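Visitor: here's a sequence, model it:
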Amino acid sequence: MEQLTVIVGLLLATVVAVGLGDRLRLPYPVLMLLLAAALTFIPGFPPLDFPPELILPIFLPPLLFATAQRSSWSVFRLRWRTLILLAVALVVVTTATVAGAAWLLIPGIGLPAAIALGAMVAPPDPVAVESVSGRVRMPRRLTTVLQSEGLFNDAAAIVIFQAAVAATLDGSPVGPDVVLQFVLGAAIAVLVGVLMGWFTAVITKIVTSMVARSAVTLVVPFGAYILAEELHASGVIAVVVTALELQRHSRAQDAAERLTRAAFWDVVELLVTGLAFGLMGLEIREVVQGQGADIVPMIGVAVLVCVLVVLVRFLWIGLLALSSRAGLHLFQATSFREVLILTWCGMRGLATLALALSLPLALDDGTDFPARDYLVVISCAVLLTTLVLPGLTLPWLMRVLKASADGSAEDDAVRHLSRRAQDAALAALRQNELIKDLPEDTRKALKARMSRLHTDLAEDNPERERSMAKLKQGRELAIAIQSIALDAARQEVVAARNERGVDPEIADHVLRKLDLRTMLMPGE
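Guide: The predicted structure follows:
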């Protein structure tokens, strides 16, 4: 019962942290981590005995799925260089740098265990980045870079980590077969994700309950993750591909389902994120308490690794920016302030903690795992340094650098997509023979309303939504024709979401307004 009480308490604390974060303009995941760590100082606070091997399978699928739903295949086709250079190459470079430093500084660690440490601290956390970047009006171009990196870098880090741990356990070296293992695992994971996306699409067509169709999207990420892991593939990639496939198969007519699913996933993402970061706070405190005075000699190495992690990211992104300015076009960021922002947003999180806590206690021969205490303490130090410090200071940094977006680019994109939706709606009206049966006044009012559609979608004005009741004559026929026009508009936006160069979050914003407009129509 104590364990359940702690979990319920963390969920309630999440709601409080969200409200507090809104007032202080700070990311609630960081506040949850600090709050949970502070709670463990209370005398008699019950420890949360959470199996480390369950942290990734329980928390990663829903959080990755929620983040990936806001992206699309077109983004990855456009940002494939970012995917390779950050989500894979930077993970490898960070792992190698940290492993080299650890091998030199930590007595008796051995190279495979040092590589395991590098893999643990290499991947930034997409959930932390999402929660922080949205509050500081970061330019969408930079946010997209961070999203693309965060959705796949865990896959590369986990493969390296698993190979390094296996080599440590049996005393073998970490060989080049890791590359083949990653490529093969990624290919199988993509296939699993595509199949799960197709399977979910079939289920949603068979099931008539809107609530059940939304609920199945909560089960599917876990199914994709578990199936991929059972096939020795990447559960991370399988979950991301499943989410992208579901968005690709989205139908224009599913307005009510989209609104229901969006509200459902907003709640799931908020609570799971809060619980995950609250768990981090509890576990970090347990690590510190478990080490006691023995943690003191580890602090110097931990500080050095923290500096290395940040420095490697800064140098790598800076090098990519310089190459882009030289005309190679390898990267989206080119200015120093953008390099600094992307470096500061390299926040570690759930994967770092879970991998650290999943380290074996002993080798196959019964001896202790090399320098395990060092590895766990250093991982927690990197997590705290890269998460708490940037999370609390990023708003200040954005103000100092004057890098916050004014929203004009997003507004232009919304207006452009809204105009496309309006053109599609007007074309549907012109092609519909039923409009001739409407009274002249109603026909003019309907055409005028569709001619204002791009303005209604680009601006927030609730009064316009109430004007539907003014179409008196031929009411039912007018509503039917208007439904056809709005359906054409939704189809245009759904198709545009998968086009190269279209921001999926902008498309989702316009589509949500069309969905709401459809649901507000009489008879819906």
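Visitor: spatially central, which residue of the chain would that be?
Guide: Centroid-nearest residue in the chain, with Cα atoms, centre = their mean: Thr67, separated by 3.1 Å.
Visitor: where's it relative to Val376, distance?
Guide: The spacing between Thr67 and Val376, counted by Cβ to Cβ, to the nearest Å, is 27 Å. Yep, even glycine has a C-beta here, placed from its N, CA and C like the rest.
Visitor: stretch 377-393: how far from the chain's middle?
Guide: Its chain's C-alpha centre and that of stretch 377-393 lie 19 Å apart, by Cα atoms, centre = their mean, to the nearest Å.
Visitor: excluding chain neighbours, what is closest to Pro57?
Guide: Sequence neighbours aside, Tyr225 is the residue nearest to Pro57 in space, at 6.2 Å (criterion: Cβ to Cβ, 6 or more residues apart in numbering).
Visitor: CA atoms of whichever strand or helix holds that neighbour as PDB?
Guide: If you go by DSSP states H and E, Tyr225 is part of helix 210-230. Extracted as PDB, the C-alpha positions of helix 210-230 are listed here (Å, rounded to 0.1, in the frame of the first residue of the first chain):
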ATOM      1  CA  MET A 210     -14.700   6.200 -30.100                       C
ATOM      2  CA  VAL A 211     -13.500   5.700 -26.500                       C
ATOM      3  CA  ALA A 212     -12.200   2.200 -27.300                       C
ATOM      4  CA  ARG A 213     -10.400   3.500 -30.500                       C
ATOM      5  CA  SER A 214      -8.600   6.100 -28.400                       C
ATOM      6  CA  ALA A 215      -7.800   3.500 -25.800                       C
ATOM      7  CA  VAL A 216      -6.200   1.200 -28.300                       C
ATOM      8  CA  THR A 217      -3.600   3.900 -29.000                       C
ATOM      9  CA  LEU A 218      -2.400   3.500 -25.400                       C
ATOM     10  CA  VAL A 219      -1.900  -0.200 -25.800                       C
ATOM     11  CA  VAL A 220      -0.200  -0.200 -29.200                       C
ATOM     12  CA  PRO A 221       3.000   1.600 -28.100                       C
ATOM     13  CA  PHE A 222       3.600  -1.100 -25.400                       C
ATOM     14  CA  GLY A 223       2.800  -3.800 -27.900                       C
ATOM     15  CA  ALA A 224       5.300  -2.400 -30.500                       C
ATOM     16  CA  TYR A 225       8.000  -2.000 -27.900                       C
ATOM     17  CA  ILE A 226       7.700  -5.400 -26.400                       C
ATOM     18  CA  LEU A 227       7.400  -7.200 -29.700                       C
ATOM     19  CA  ALA A 228      10.500  -5.400 -31.100                       C
ATOM     20  CA  GLU A 229      12.500  -6.200 -27.900                       C
ATOM     21  CA  GLU A 230      11.500  -9.900 -28.100                       C
END
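Visitor: tell me where the stretch 151-300 of the chain is predicted with low confidence.
Guide: Across the stretch 151-300 of the chain, residues meeting the criterion (pLDDT under 70) sit at 175, 252-253, 291-293.
Visitor: which residues of it fall in helices?
Guide: 177-206, 210-230, 235-248, 255-291, 299-325 (DSSP state H, counting those that start in this stretch).
Visitor: show me the protein divided up by domain.
Guide: Under the assignment named as automatic domain parsing, the residue ranges that make up the domains of the chain are 2-401, 408-519.
Visitor: just say which of those domains is most tucked in.
Guide: Across these, averaging neighbours per residue (mean count of other Cβ atoms under 10 Å) puts domain 2-401 on top, at a mean of 19.
Visitor: now that one: how far from the chain's centre is it?
Guide: Distance, centroid of domain 2-401 to centroid of chain: 9 Å (Cα atoms, centre = their mean).
Visitor: my guess is Leu111 contacts Val174, does it?
Guide: Yes - assessed by Cβ atoms under 8 Å, Leu111 is found in contact with Val174 at 7.4 Å.
Visitor: contacts for stretch 107-115 next, please.
Guide: Among residues not part of stretch 107-115, those counted as contacts by Cβ atoms under 8 Å, 6 or more residues apart in numbering are 95, 98-100, 102-103, 106, 117, 160, 164-165, 167-168, 172-174, 369-371, 374-375.
Visitor: give the contact list for the nearest residue to Asp423 once chain neighbours are set aside.
Guide: Nearest residue to Asp423 in three dimensions, chain neighbours excluded: Glu492, at 7.7 Å (Cβ to Cβ, 6+ apart). Contact analysis of Glu492 by Cβ under 8 Å, 6+ apart lists Arg420, Ala421, Asp423, Ala424.
Visitor: you'd agree the first one is up against Gln491?
Guide: Which is Arg420. No - the criterion here is Cβ under 8 Å, and Arg420 misses it with Gln491 at 10.8 Å.
Visitor: so what sits against both of the two?
Guide: Joint contacts of Arg420 and Gln491 (Cβ under 8 Å, 6+ apart) do not exist.
Visitor: can you pull the pLDDT of the residue nearest to the centre of the chain?
Guide: At Thr67, the model reports a pLDDT of 84.
Visitor: Leu60 versus that one, what's the distance?
Guide: 11 Å.
Visitor: next: Ala156.
Guide: Separation of Ala156 from Leu60 (Cβ to Cβ): 14 Å.
Visitor: repeat that for Gly21.
Guide: Relative to Leu60, and taking Cβ to Cβ, Gly21 is found at 23 Å.
Visitor: can you check Gly108 too?
Guide: Counting by Cβ to Cβ, the gap from Gly108 to Leu60 is 32 Å.
Visitor: same check, this time on Asp170
Guide: For Asp170, the distance to Leu60 equals 27 Å [Cβ to Cβ].
Visitor: give me the below-cutoff pLDDT ranges for the stretch 351-500 of the chain.
Guide: Within the stretch 351-500 of the chain, the segments meeting pLDDT under 70 span 405-408, 429, 432-447, 449-450, 452-454, 456-482.
Visitor: could you look up the SS state of Met341?
Guide: Just so we're on the same page, residue 341 is Ile rather than Met. The assignment at Ile341 comes out as helix when based on DSSP: H, G, I helix; E, B strand; the rest coil.
Visitor: show me where the stretch 301-450 of the chain has helices.
Guide: Under DSSP H, counting those that start in this stretch, the stretch 301-450 of the chain gives helices at 336-344, 350-357, 372-401, 408-431, 440-451.
Visitor: what helices and strands are in contact with the third one?
Guide: Where contact means 3 or more Cβ pairs under 8 Å, 6 or more residues apart in numbering; DSSP states H and E, helix 372-401 is packed against helix 28-39, helix 111-121, helix 126-133, helix 255-291, helix 299-325, helix 336-344, helix 350-357.
Visitor: with adjacent residues omitted, what lies nearest to the residue nearest to the centre of the chain?
Guide: Pro126 (5.2 Å).
Visitor: quick check: the one you found touching Leu151?
Guide: Yes - using Cβ under 8 Å, Pro126 is in contact with Leu151, at 5.7 Å.
Visitor: find the residues that touch each one of those two.
Guide: Common neighbours of Pro126 and Leu151, using Cβ under 8 Å, 6+ apart, are Leu64, Thr67.
Visitor: quick check: the residue nearest to the centre of the chain touching Val127?
Guide: Yes - applying Cβ under 8 Å as the test, Thr67 and Val127 come out as touching, 6.7 Å apart.
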